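Visitor: Fold the following, please.
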Amino acid sequence: MKKILLFILAIGVGGATIAQTINTKPVSPKAFQQQYLMEAPSSNLSVITEQEKPESYQKSVNGVNADFIPIGSAGNAYSNAFGAKACLWADPVLNSVTFTHRMTGGTEVEGNSRVSYDISTDGGATWQVDNQVYTPTGPDAGTGYPDNAGRYPMGGIINPAGNTDPANAYYSYFLTSMDGTNNNWGAYGYGSNMLTNLPPTATQTNLSSGDDTWRLLPSAFNITQDGVAWYVDESAQYSASDDAYNYTGEIILAKGGIVDGEIEYEEELYGFLDAGDSFNDFRIAFTPDGQTGYICALVRYDGDVVNYHPVLLKTTNGGEDWSDPIDVPFGGEDGIEVIKNYIPDTIITLMEGWEDWDGDRDELNFMMGFDCGLVVDAMGNPYIVGMVALGGNENADGWFPQLGTEWAVYSKDGGTTWDADPLWDQIWWDGEVGTLPVYNRPQASISYDGKNIFYSWLDSEADQAEENDRPNIYVIGYDVDDDSYSETVNVTYFTQAWNKAFMGTMSYYVFKVSDYAFEIPFIYNEFTTQDVPTDPVNFWYINNFVLSPVAVAEIAGIGVDFTVGQNFPNPATYTTEILVNVKTDLPIELSISNMLGQRVHSDVVISNAQAHAFRVNVSDFDPGLYLYTIKIGTQITTKKMLVE
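Guide: Here you go, the predicted model:
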């Protein structure tokens, strides 16, 4: 079972291997990618390819005004490694953000087996960090780690109905821990704390595996807007004879809430598919009212061919009852046509095992791996994001991640029929930093009203990249009502995180700035020792990253009328101001470039005032002539400025 083996190896020996066969590339990765992209069918989305220079898309960045804020730290890079989980949580009602992570310092018992959270109550501008909420229960119990060592924590904010004061809300964490009852693993830990009660006096509950319940490594955690917390995991038992975990035929499904000031859960074992099936990932999400929800599992269950794909359970009464499994195959007669027809014939026949393929698209097999993101819109429709690639067949097991494309897979009728949109032709799917795998980490976020969706992933586009070891965060927005996408944006381009946004993670909820713009919270890891994931890492919060999920073509017709003044003073020495006369709630974007076309400054505001003045510090600019551009919608004005 892929997910389990990766986690065990990473913890046990500091590295990871791939448990399933991955076919080798027939030609070099970049040459293959170029050939594939040239022959791939066109789509109506703006997909960035590696052939384009960075400037070609940076000039169309949609609302970037990010700054980088140091937050907490951890004893190594495994705190939120592998697939992205719900460790970063924003609550728009409270204007608050929390980030849950392991800690650093002290002995092993008091070191990185502890868990803490960082908190901001002003929308991410200022933080109180490393607030400890979880402690191992004792010394080494034979696993090589302290008893109930905390691992892969998740967490978020539980806000009582009608409350707008962070002091009256709760923080709650959920994690896997190591007590040896299911080989090294076997335990969960959870607890809660009044959100702003610092230092915390958090509760702590530990649950072990038993005769019927085999706990493992949960990846699904969510909190609904009505204050209900959920976690989901497969129940899998360790077999020493084949050194593997085998699914028991049941999932662990838990529903919790604050009772007498503390988080409490009710668990049940829920029969799902067959014992022996294999899982790569779980996610759970609900509508804003908390009634319609879905559990999404990436499952492999029909034979030896690698074909992990989504299988969902649905509820319409807040989780009291769940539907029969909803299968979402990508290939075969019942597969999604746009996915089946996306890769050109000439590329498919280059793949091992597909050399003699007769061109019948219904014979193709696809896989989503290894992770996915899930959100549910206001109308109760599910949206899944993940990387889909051609799978193997009876002639060659495995799959072909070099053909991977990030897809949005969705249903507009509550899970009855399914469609998909290609978002990004993934250049590099995986890589390693030291011994730590760096995957593409697909994620989905949503606005609080359930009407705007955001998809993000990691990729390495640098010429020096030989794998996904120079990651940037990419994001695209989707407006549910308008059925339109934004431009794809490299969040970390030309920032301190450029080509090193390791373990980049996006919040489940975003902040609404205006009808046309949303602020999306992100975090990433900074290594204290280059390429050494076992050394401590620092976490950085990306603040004030603003994106409009509405296509530029859609907002251009609003009729924006604006004027741009000459910067003053001009020539500029230390600071200069650029006055824009306009009244709009659209993003007002400023970019400054030198005469070589290199971007040296960018800013964005959302303002419905009569005028806005951009103040720019030019003291670090080289003397010379520059161009400054103001963009609102698709309308652009450019002027010259001189720096002495």
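Visitor: which secondary structure elements does the helix or strand hosting residue 388 contact?
Guide: Assessed by DSSP states H and E, residue 388 sits inside strand 382-393. Contact partners of strand 382-393 among helices and strands, from 3 or more C-beta pairs under 8 Å, 6 or more residues apart in numbering; DSSP states H and E: strand 293-300, strand 309-315, strand 366-368, strand 373-376, strand 396-399, strand 405-410, strand 443-446, strand 452-459. Quick note: C-beta positions are derived from backbone N, CA and C, even for glycine.
Visitor: Need those strands in a markdown table (columns: distance to residue 532, mean pLDDT and mean neighbour count).
Guide: Below are these laid out as a markdown table (distance: least, C-beta to C-beta, whole Å; pLDDT from 0 to 100; neighbours: other C-beta atoms under 10 Å):
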| stretch | distance to residue 532 | mean pLDDT | mean neighbour count |
| --- | --- | --- | --- |
| strand 293-300 | 31 | 96 | 25 |
| strand 309-315 | 36 | 97 | 22 |
| strand 366-368 | 31 | 95 | 28 |
| strand 373-376 | 29 | 98 | 27 |
| strand 396-399 | 30 | 85 | 21 |
| strand 405-410 | 29 | 96 | 23 |
| strand 443-446 | 26 | 98 | 27 |
| strand 452-459 | 20 | 96 | 27 |
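Visitor: how about those in JSON lines, adding distance to residue 353?
Guide: Formatted as JSON lines, these follow (distance: least, C-beta to C-beta, whole Å):
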{"stretch": "strand 293-300", "distance to residue 353": "17"}
{"stretch": "strand 309-315", "distance to residue 353": "19"}
{"stretch": "strand 366-368", "distance to residue 353": "14"}
{"stretch": "strand 373-376", "distance to residue 353": "30"}
{"stretch": "strand 396-399", "distance to residue 353": "3"}
{"stretch": "strand 405-410", "distance to residue 353": "20"}
{"stretch": "strand 443-446", "distance to residue 353": "31"}
{"stretch": "strand 452-459", "distance to residue 353": "26"}
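Visitor: Run me through the strand neighbours of the strand holding residue 388, direction for each.
Guide: According to DSSP bridges, strand 382-393 forms sheet pairs with strand 366-368 (antiparallel), strand 373-376 (antiparallel), strand 396-399 (antiparallel), strand 405-410 (antiparallel).
Visitor: Report the buried residues of it.
Guide: 382, 383, 384, 385, 386, 387, 388, 389, 390, 391, 392, 393 (16 or more other C-beta atoms under 10 Å).
Visitor: next one: stretch 532-539
Guide: Buried-residue list, stretch 532-539, by 16+ other C-beta under 10 Å: 532, 533, 534, 536, 537, 539.
Visitor: With only the CA atoms kept, save it in PDB.
Guide: What follows is stretch 532-539, C-alpha atoms only, in PDB (Å, rounded to 0.1, in the frame of the first residue of the first chain):
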ATOM      1  CA  VAL A 532      19.200  17.900   4.600                       C
ATOM      2  CA  PRO A 533      15.500  17.300   5.600                       C
ATOM      3  CA  THR A 534      16.500  15.700   8.900                       C
ATOM      4  CA  ASP A 535      17.700  19.100  10.200                       C
ATOM      5  CA  PRO A 536      15.300  21.700  11.500                       C
ATOM      6  CA  VAL A 537      13.100  23.600   9.200                       C
ATOM      7  CA  ASN A 538      11.500  27.100   9.500                       C
ATOM      8  CA  PHE A 539       8.000  27.800   8.200                       C
END
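Visitor: OK, contacts around the residue nearest in space to the middle of the chain?
Guide: The residue lying closest to the centre of the chain (C-alpha atoms, centre = their mean) is residue 443, at 3.0 Å. Shown in contact with residue 443 (C-beta atoms under 8 Å, 6 or more residues apart in numbering): 84, 373, 385, 455, 456, 457, 505, 506.
Visitor: For residue 638, see how far away it is.
Guide: 35 Å (C-beta to C-beta, to the nearest Å).
Visitor: for the chain, longest strand please?
Guide: strand 170-194 (DSSP state E).
Visitor: pLDDT (mean, whole number) over that one?
Guide: Mean pLDDT, computed over strand 170-194, is 95.
Visitor: Whichever helix or strand comes after it - contacts with which helices or strands?
Guide: As assigned by DSSP H and E, the chain's next helix or strand after strand 170-194 is strand 205-208. Contact analysis of strand 205-208 by 3+ C-beta pairs under 8 Å, 6+ apart lists strand 170-194 as its packing neighbours.
Visitor: Any idea how far the strand it packs on is from the middle of the chain?
Guide: 22 Å (C-alpha atoms, centre = their mean, to the nearest Å).
Visitor: cool, and stretch 235-250?
Guide: Relative to the centre of its chain, stretch 235-250 is centred 28 Å away, using C-alpha atoms, centre = their mean.
Visitor: who touches it?
Guide: 1, 4-5, 182-183, 185, 213-216, 234, 251-252, 269-279.
Visitor: try 7 Å this time
Guide: Applying C-beta atoms under 7 Å, 6 or more residues apart in numbering, the external contacts of stretch 235-250 come out as 1, 4, 182-183, 213-214, 216, 234, 251-252, 269-272, 274-279.
Visitor: ditto for stretch 252-266
Guide: Residues contacting stretch 252-266 (C-beta under 7 Å, 6+ apart): 158, 170, 172, 190-192, 203, 213, 215, 227-233, 235, 267-270, 319.
Visitor: Now residue 326: closest residue in space, sequence neighbours ignored.
Guide: Of all residues not flanking residue 326 in the chain, residue 312 sits nearest, at 4.3 Å (C-beta to C-beta, 6 or more residues apart in numbering).
Visitor: The one you found reaches residue 414, doesn't it?
Guide: No: assessed by C-beta atoms under 7 Å, residue 312 is found out of contact with residue 414, at 10.7 Å.
Visitor: show me what contacts residue 514?
Guide: 585, 606.
Visitor: remind me which residues of the chain are low pLDDT?
Guide: Along the chain, the parts satisfying pLDDT under 70 run over 1-65, 106-109, 141-143, 302-304, 549-560, 608, 634.
Visitor: neighbours around the nearest residue to residue 610 once chain neighbours are set aside, how many?
Guide: Excluding the flanking residues, the one nearest residue 610 by C-beta to C-beta, 6+ apart is residue 583, at 5.6 Å. Other residues within reach of residue 583, judged by other C-beta atoms under 10 Å, total 13.
Visitor: next one: residue 585
Guide: 14.
Visitor: Phi, psi for the closest residue to it other than its chain neighbours please.
Guide: Excluding the flanking residues, the one nearest residue 585 by C-beta to C-beta, 6+ apart is residue 514, at 4.2 Å. Torsion angles at residue 514 (phi, psi; degrees, to the nearest 10) stand at phi -160, psi -180.
Visitor: Look up how far residue 571 lies from residue 514.
Guide: For residue 514, the distance to residue 571 - C-beta to C-beta - is 35 Å.
Visitor: Now do the same contact list for the nearest residue to residue 311 once chain neighbours are set aside.
Guide: In this structure, residue 311 finds its nearest non-sequential neighbour in residue 299, 4.6 Å apart by C-beta to C-beta, 6+ apart. For residue 299, the contact set (C-beta under 7 Å, 6+ apart) comprises 273, 277, 279, 308, 309, 311.
Visitor: can you pull out the strands in the stretch 1-150 of the chain?
Guide: 64-74, 88-91, 96-102, 115-120, 128-134, 138-140, 146-147, 149-158 (DSSP state E, counting those that start in this stretch).
Visitor: who does the longest one touch, helix- and strand-wise?
Guide: Contact partners of strand 64-74 among helices and strands, from 3 or more C-beta pairs under 7 Å, 6 or more residues apart in numbering; DSSP states H and E: strand 96-102, strand 115-120, strand 128-134, strand 537-547, strand 599-606.
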